[in-house]
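K.L.:
Just need the structure, nothing else, for what follows:
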Amino acid sequence: MKDPLLPPPNSKKQNLGERNPDFLPHFRFLKMGEVRRGSISLSKTNSADVKCFILEYQVITKSLGLYMLFAISLTSLVLLALCIESLYIRRRVQSIRLRIHVNGTRGKSSVTRYIAAALRASGWPTVAKVTGEIPLWIDANGAASIIKRRGTPRVQEQFRLISRAVRSGAGAMVLECMSINPEYQQLESRFFRPHIYIITNIRDDHQEELGRHQKQQIDAICSAIPPRTQVICLDGIYRNAVETAVKKQGGSLTVANPENIMPGKPGVFAENIGLALSACVAAGLEYAQALQAILDEANRIELLAWKIPNSAQNLHFVNGFSVNDIQSAATFLRNWRQHFSSLTAVYVLFNTRADRPLRSRTFAHWLAERNELAGVMVTGNHKKAMQHILRKSGMEPAQIQVLSNNDCKNIVTCLERICPPNSLILGFGNIGGLGFEMVHSLKKAINTGVVHAD
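P.N.:
Okay, the predicted model is just below:
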């Protein structure tokens with residue numbers, strides 16, 4: 001007896017199901033033209049095939065129904081857990097009487113530490129979280145401890161530290177925004193619900209996340225301004241955009257004025273002190289007392305400049321690896337050249353990152369135009385690309401030195417080999433990876449007592 005599912009031996013027209021019976025396993029007995037308007041034509045099928053089809057259809061439908069029910073139940077449980085966690089965090093946050101959130105491109109860590117120091121000096125039990133080069137937790141006594149992370153930084157770290165602040169009995173918390181992605185910045189401010197929100201500045205950095213154009217970067221940071229809060233910023237090109245965003249959110253804006261503030265030493269910026277002071281005054285602190293506490297904290301912060309140890313060449317290194325944008329780098333370069341005016345040669349040591357190619361490109365063009373530089377040393381995992389851009393931008397090949405990983409581990413010896421006497425070396429680019437190693441190598445030399453801090 002012939003199999004009714006197989007095509008006639010002389011048939012020339014065959015559909016996919018007939019060429020390959022396994023192609024349509026559940027519906028292979030249906031031929032072309034047998035499904036019309038969603039119904040099955042029974043003219044060419046026997047009753048056993050129809051029963052088989054109905055049985056298989058019922059089994060499949062029942063299985064899909066169970067899967068859908070499981071998926072909906074699981075999604076509901078996840079949403080319920082998220083709602084409970086959200087309510088828990090909100091209750092935790094509300095128990096902190098004064099909450100200050102610090103966002104912006106440059107200077108967030110310094111402003112965070114200044115405000116926390118002034119609040120402590122005024123009697124507030126204050127804790128702070130600094131993201132910075134190394135993430136730090138600063139307790140109510142001013143003692144700093146490193147925050148240990150497992151893997152890459154996550155925004156959940158902020159929520160854990162808010163709970164830690166509550167458990168410690170803190171009356172005030174100063175939180176540095178750790179997020180670069182605009183959506184995560186919004187998430188931080190929405191959950192923290194700060195009374196005072198600070199934008200230190202908005203400069204050309206993190207183009208991969210914030211956008212390549214100035215307006216995109218300004219809009220990205222302004223999008224995180226929380227509702228009904230007091231916002232503090234400087235009088236920059238972004239002021240109008242900030243003011244518009246603040247009005248939209250029903251808050252108020254204070255513009256800090258740092259003109260009459262004298263920082264006292266290189267690496268301390270009047271703008272950061274002015275922002276911190278405005279926040280303290282907004283929180284009800286007395287002006288003179290807050291200013292003194294801020295200046296004391298600024299003088300306690302670790303020095304950035306060191307003299308290279310055991311060197312008769314008179315070499316000085318300045319750690320600017322956290323300086324990641326051109327505007328800040330130009331100010332940094334100008335200030336430290338003035339401070340070390342007796343040094344005759346200036347070099348830049350740039351640590352690259354492969355995940356920040358736009359930063360490498362932007363700095364390469366800028367460095368190639370700096371006639372005051374004697375040379376540029378390049379390291380990191382994007383160094384070959386930056387070397388190529390520096391050459392294309394017009395820098396002489398003899399001025400470009402590409403350092404190996406071993407050079408970075410022995411940075412003191414490397415700098416003595418490359419730089420002539422009376423040289424100033426400024427580190428730029430990225431603190432991560434080899435940046436930490438080079439700074440650690442210098443600090444290790446300092447701890448042996450052979451480096452003189454300036």
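K.L.:
Need the per-residue pLDDT for the residue nearest the centre of the chain.
P.N.:
Nearest residue to the geometric centre of the chain (C-alpha atoms, centre = their mean): residue 180, 3.8 Å. Residue 180 is assigned a pLDDT of 84 by the prediction.
K.L.:
Assign it to helix, strand or coil.
P.N.:
Classification of residue 180 by DSSP: H, G, I helix; E, B strand; the rest coil places it in coil.
K.L.:
Now do the contacts for it.
P.N.:
Residues in contact with residue 180 (C-beta atoms under 8 Å, 6 or more residues apart in numbering) are 206, 209, 210. (Each C-beta comes from the backbone N, C-alpha and C, glycine too.)
K.L.:
Burial check on the first one, number of neighbours?
P.N.:
So the one you mean is residue 206. Per other C-beta atoms under 10 Å, the neighbour tally for residue 206 reads 19.
K.L.:
what's it in contact with, if anything?
P.N.:
105, 180, 217, 324.
K.L.:
Please, which helix or strand holds the nearest residue to the last one once chain neighbours are set aside?
P.N.:
Think residue 324. Leaving aside its chain neighbours, residue 324 sits nearest to residue 205 (4.9 Å; criterion: C-beta to C-beta, 6 or more residues apart in numbering). Of the helices and strands defined by DSSP states H and E, none includes residue 205.
K.L.:
So in this protein, which strand runs the longest?
P.N.:
For the chain, the longest strand by residue count, based on DSSP state E, is strand 345-352.
K.L.:
The next helix-or-strand element following that one relative to strand 345-352, how many degrees between them?
P.N.:
Note on strand 345-352: by DSSP H and E, the next helix or strand toward the C-terminus is helix 357-368. Angle between the axes of helix 357-368 and strand 345-352 is 170 degrees (criterion: axes from the mean of the first three to the mean of the last three C-alpha atoms, to 10 degrees).
K.L.:
Alpha carbons of helix 357-368, as CSV, please.
P.N.:
What follows is helix 357-368, C-alpha atoms only, in CSV (Å, rounded to 0.1, in the frame of the first residue of the first chain):
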residue,chain,number,x,y,z
PRO,A,357,39.5,56.1,21.3
LEU,A,358,37.8,59.6,20.9
ARG,A,359,39.8,60.8,23.9
SER,A,360,43.0,59.6,22.4
ARG,A,361,42.2,61.3,19.1
THR,A,362,41.2,64.6,20.7
PHE,A,363,44.3,64.8,22.9
ALA,A,364,46.6,63.8,20.0
HIS,A,365,45.4,66.8,17.9
TRP,A,366,45.7,69.1,20.9
LEU,A,367,49.2,67.9,22.0
ALA,A,368,50.5,68.2,18.4
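K.L.:
Spit out the contact partners of residue 344.
P.N.:
If you count contacts by C-beta under 8 Å, 6+ apart, then residue 344 has 422, 423 around it.
K.L.:
ugh, wrong one, I meant residue 379
P.N.:
Residues in contact with residue 379, defined by C-beta under 8 Å, 6+ apart, are 349, 350, 351, 352, 402, 403, 404, 405, 407, 408, 434.
K.L.:
Distance-wise, check it relative to residue 282.
P.N.:
43 Å (C-beta to C-beta, to the nearest Å).
K.L.:
Check residue 352 too.
P.N.:
40 Å.
K.L.:
okay, these two: which has more neighbours?
P.N.:
residue 352 (25 against 17).
K.L.:
The more buried one and residue 432 touch, don't they?
P.N.:
No - using C-beta atoms under 8 Å as the test, residue 352 is too far from residue 432 to be in contact (10.5 Å).
K.L.:
Quick check: pLDDT value at the nearest residue to residue 287 once chain neighbours are set aside.
P.N.:
Spatial nearest neighbour of residue 287, excluding adjacent residues (C-beta to C-beta, 6+ apart): residue 281 at 5.9 Å. As predicted, residue 281 sits at a pLDDT of 95.
K.L.:
With residue 321 instead?
P.N.:
In this model, residue 321 is scored at 88, pLDDT.
K.L.:
same question, residue 313
P.N.:
pLDDT for residue 313: 81.
K.L.:
so the closest residue to it other than its chain neighbours, which of the three states?
P.N.:
Sequence neighbours aside, residue 421 is the residue nearest to residue 313 in space, at 4.3 Å (criterion: C-beta to C-beta, 6+ apart). Look at residue 421: counting by three-state DSSP, its state is coil.
K.L.:
Show the model's pLDDT score for residue 34.
P.N.:
For residue 34, the pLDDT comes out at 46.
K.L.:
Please report how far residue 318 lies from residue 114.
P.N.:
Residue 318 sits 21 Å away from residue 114, going by C-beta to C-beta.
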